[in-house]
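Q: Structure for this input, please:
(chains A and B)
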Amino acid sequence: MLELVRVSKTFRGIQAVRPTDLTIPTGQTTVLIGPSGCGKSTLLRLMAGLVQPDSGKVLLQGQQLTPANALQLRRQIGFVVQDGGLFPHLTARDNITLMARRLGWKQQRIHDRLDELLDLTRFPAARLGNFPAQLSGGQRQRVSLMRGLMLDPQLLLLDEPLGALDPLVRSDLQADLRSIFDRLNKTVVLVTHDLGEAGFLGHRLVLLREGAVVQQDTFANLVAQPANDFVRRFIRAQRHPPELSLTDPGADS
Amino acid sequence: MIQRWLLVAIALLPLVGPTGCRTSAHSARPVRVGSKAFTESVLLGEILRLLALSVGSQAEHRAQLGDTSKTWNGLLVGELDVYVEYTGTLTQEVLARERIRTPEQLDAVLAGYGLRMSRSLGFCNNYALGMRRSQAETRNIRTISDLVQHPDLRIGLSNAFLERADGWNALKAHYRLPFATPRSMEHSVAYQAILQGSLDVLDLYTTDAEILQGDLLVLEDDRRFFPRYEAVLLYRADLEDRLPKVVQTLKRLEGAIDEKTMQQLNNRALQKIPEAKVAADFLAEQLRVDVPVEADSLARRLWRMTGEHVFLVAVSLLAAIVLAIPLGVIAAHRPLIGQLLLALVGGIQTFPALALLSLLILLTNRIGTWPALIALCLYSLLPIVRNTSTGIRDISLNIRESAAALGLSAWDQLWLVELPLASRAILAGIKTAAVINVGFATLGGLIGAGGYGQAILSGLNKNDALLVLEGAIPAVSLALIVQGLFEIVERLVVPRGLRLKPAE
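A: Below you'll find the predicted structure:
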């Protein structure tokens, strides 16, 4: 489905992504995870053609992503960012259907697709006429997801989709996302820094550090067989926040 | 067919547009009279206009064009046909480099510019010394030389006269006057002082209305110190070929106005009698020429000035919007070019208005509406370019990436996302530009573009506060109306989604 070959990217002298090979398996959910600055977001943008690699290539279904064909290929990719990135001047409906309308879809086709998506995301149809400012954070993310899925892309990319939500909404949406991914059976790449979320949503986790892949495996294997000390520390930090472990006398033993 | 419409449009242009043109379709170009921004010049301009009308010619008067450079250049580039100039101004200022000594030399130099000059209209408007007539008679003083015998007289001089190279110090040396150099004082103060008797001698112009009002005596320049500022018609040579009858008629003014008459005319204008009326009365009494003068009521003046002002603001603002929004878009997407652009339009903003207007008159070879429109357009650029650029750059990265990731083309991203999201900022920029523009447009009065500035300028020249207010109050009102209009436009243009407060 999606293949990265010796891809690298440098921003102002800082190597965000070191030469990396990565294959994203079709029909599964892959989670890119790591501490901030590890290059996971840049990697996701390279996949969407939003950032051009300095070297190497990105292959989408065998076709290399270039600035010339990015516009076309992006329509086969759904992209969801933190906060949703909704256009504030358009209603939820117009946000979702904007690209389909630009591509000249028939009214009926748009309508039918919208119905499917409402059902999939459990978004109340009555709120389609609302502007983003009139929606809750969770609702905005559902709209953003519908917008990303409108053209029925083969690949769905999500950058910290739940990062800005409060914990209760977040756990609700996590459950919904998992069922959505299961139903869709699409290739999904999701970026998060939360190991629990990664384990809950991902078939496969890719752990990154300073622009390089440290380990890729299932959640269970990652926890059971950390490749090195960094992975071990990353896992432990996520389970026991450091300020708690200070008061925990068992932590040192 | 299209051509015919074009012709009609071009024919109508002067009617909808600028400066109260008194053109009509059936005759050739009208006689275009100019005047500088002081009462005497405007009065003489009106006299010329009415005289031209009296022989059936079309005539328009572009009044109060500022200083000599405006009228002189207007004549050279053919925007004006004729105006009243002073020989001293020509020999001492405009053509100072030619070192002209005789009237024949002056004629020859003017011919080189394609210009001609009439004989003197009969009066000089140059510097002179004056005193109370009663005191002069008691002491038997008639000439400046006579002052030498009266070293006890108290003298008060304006700053300009003290500073000029051909002013006080040279005069004092020329006549060996026995006075110490006094401190300068405001001319109006000196005038009041001489009326009260606390001052005896002051500098003035030979056609000042004050000479009549205060019953002053202008001392004869018996040893010919002051350069002669003889009033003459200055006109384009081609006017004589085009409209010989008009030139012939205008030349009836040669020798027809003496200093006393000019003082009276100035005096009447100072008493708030409209210039056209003063001019018409003069022609009827002195030259037996009757020209009906259309009464210009306050309402009509306001209507005309408002039309001109709104025209200046609307057209220049529209042009600025068309120019500035694309520039702002470029500035937003190319930071380096953006810096350059903003520095450039910022630089224009700091360019002094009068200097810019003068420069534009030279560049466009026109006076009046065109340079005013261009200047106003240039001054409107900065707020619109800056707000467009900032408005677009302030769009969050999330939204830009989402637009790109959807697969929207760059053009669609601009039209469907960037411009709507920046619309509020852009509109705010346009609003700022419009309000500033209403104020700046009053400067149009300086170069004959009309508008409220004309009333303000006349009022300042005549020291007539009411006349100043006649221009200033509508200008302020217009600014407020423009501001209000934009509030309404904002409701229509800024997408509703941007005007909502977040629900959470």
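
Q: Tell me the spacing between the residue nearest the centre of chain B and B:A231.
A: With distances taken as C-alpha atoms, centre = their mean, B:L446 lies nearest the centre of chain B, 2.0 Å away. The gap separating B:L446 from B:A231 is 23 Å, by C-beta to C-beta, to the nearest Å. The C-beta positions use only the backbone N, C-alpha and C, and glycine is treated the same way.

Q: circling back: look at the residue nearest to the centre of chain B and tell me its secondary structure.
A: Using DSSP: H, G, I helix; E, B strand; the rest coil, the structure places B:L446 in helix.

Q: Identify the residues contacting it.
A: Residues in contact with B:L446, defined by C-beta atoms under 8 Å, 6 or more residues apart in numbering or on different chains, are B:37, B:64-66, B:354, B:357, B:453, B:457.

Q: closest to A:G56 among those residues?
A: Checking these against A:G56 with C-beta to C-beta, the nearest one is B:L357 at 60.0 Å.

Q: Next, count neighbours for that closest one.
A: Other residues within reach of B:L357, judged by other C-beta atoms under 10 Å in any protein chain shown, total 21.

Q: And it, which helix or strand is it part of?
A: helix B:353-364 (DSSP states H and E).

Q: Do I have it right that B:G328 meets B:L382?
A: No: with contact defined as C-beta atoms under 8 Å, B:G328 does not count as touching B:L382 (10.3 Å).

Q: Give me the common contacts of the two.
A: The contact sets of B:G328 and B:L382 do not overlap (C-beta under 8 Å, 6+ apart).

Q: higher neighbour count, these two?
A: Taking other C-beta under 10 Å, B:G328 and B:L382 do not tie; B:G328 has more neighbours (30 against 24).

Q: Return the list of helices and strands in contact with the helix or strand hosting the more buried one.
A: Assessed by DSSP H and E, B:G328 sits inside helix B:298-333. When contacts are defined as 3 or more C-beta pairs under 8 Å, 6 or more residues apart in numbering or on different chains; DSSP states H and E, helix B:298-333 packs onto helix B:335-350, helix B:369-393, helix B:419-440, helix B:452-462, helix B:465-493.

Q: Which among these is found nearest to chain A?
A: With respect to chain A, and counting by C-beta to the nearest C-beta, the nearest of the helices and strands packed on helix B:298-333 is helix B:419-440 at 4.7 Å.

Q: could you check the angle helix B:298-333 makes with that closest one?
A: Compare the direction of helix B:419-440 with that of helix B:298-333 by axes from the mean of the first three to the mean of the last three C-alpha atoms, to 10 degrees and you get 140 degrees.

Q: can you give me the mean pLDDT across helix B:419-440?
A: Regarding helix B:419-440, the rounded mean pLDDT is 94.

Q: before we move on, what about stretch B:276-286?
A: Taken as a whole, stretch B:276-286 has a mean pLDDT of 91.

Q: By neighbour count, which bits of it are buried? Give me those.
A: B:276, B:278-280, B:282-283 (16 or more other C-beta atoms under 10 Å in any protein chain shown).

Q: just stretch B:359-374 next, same as before
A: Using 16+ other C-beta under 10 Å as the test for burial, stretch B:359-374 gives B:360-361, B:366-374.

Q: Tell me who's in contact with the closest residue in space to B:L376 that isn't next to it in sequence.
A: Of all residues not flanking B:L376 in the chain, B:S316 sits nearest, at 3.5 Å (C-beta to C-beta, 6 or more residues apart in numbering or on different chains). Contacts for B:S316 (C-beta under 8 Å, 6+ apart) come out as B:372-374, B:376-377, B:380, B:437, B:441.

Q: gap between the residue nearest to the centre of chain B and B:S134?
A: To B:S134, B:L446 is 41 Å away according to C-beta to C-beta.

Q: one step back: comparing the helices and strands packed on helix B:298-333 by mean pLDDT, which bottoms out?
A: Of all the helices and strands packed on helix B:298-333, helix B:452-462 carries the lowest average pLDDT, namely a mean of 83.

Q: who does it touch, helix- and strand-wise?
A: Contacts defined by 3+ C-beta pairs under 8 Å, 6+ apart place helix B:452-462 against helix B:39-54, helix B:298-333, helix B:465-493.

Q: Just the pLDDT for the residue of the stretch 101-250 of chain A found nearest chain B.
A: Residue nearest to chain B within the stretch 101-250 of chain A: A:F131 (3.7 Å; C-beta to the nearest C-beta). Note for A:F131: predicted pLDDT of 95.

Q: what residue ranges in the stretch 151-253 of chain A score low on pLDDT?
A: Within the stretch 151-253 of chain A, the stretches with pLDDT under 70 are A:239-253.

Q: quick one: the strands in it?
A: A:155-159, A:187-192, A:204-209, A:212-217 (DSSP state E, counting those that start in this stretch).

Q: re earlier: of the helices and strands packed on helix B:452-462, flag the one that's most buried.
A: Highest mean neighbour count of the helices and strands packed on helix B:452-462: helix B:39-54, a mean of 25 (counted as mean count of other C-beta atoms under 10 Å in any protein chain shown).

Q: Show me what the helix or strand just after that one packs onto, helices and strands only.
A: The first helix or strand that comes after helix B:39-54 along the chain, using DSSP H and E, is strand B:59-62. Contact partners of strand B:59-62 among helices and strands, from 3+ C-beta pairs under 8 Å, 6+ apart: strand B:31-34, helix B:39-54.

Q: Which of these sits closest to chain A?
A: strand B:31-34 (52.0 Å).

Q: and which of the buried residues of stretch B:359-374 is nearest B:T206?
A: Of these, the one sitting nearest to B:T206 (C-beta to C-beta) turns out to be B:I367, at 28.7 Å.

Q: Which pLDDT value goes with the closest one?
A: For B:I367, the model assigns a pLDDT of 77.

Q: is it fair to say it lies in a helix?
A: No: B:I367 sits outside any helix when classified using three-state DSSP, being coil.

Q: who's in contact with it?
A: Contacts for B:I367 (C-beta under 8 Å, 6+ apart) come out as B:34, B:62, B:65, B:70, B:73-74, B:77, B:79-80, B:361, B:447-448.

Q: Let me see the contact set for B:Q264.
A: By C-beta under 8 Å, 6+ apart, B:Q264 lies in contact with B:209, B:212.

Q: what's the spacing between the helix or strand encompassing it and its chain's center?
A: Assigned by DSSP H and E, B:Q264 falls within helix B:259-270. Distance of helix B:259-270 from its chain centroid, counting by C-alpha atoms, centre = their mean, to the nearest Å, is 22 Å.
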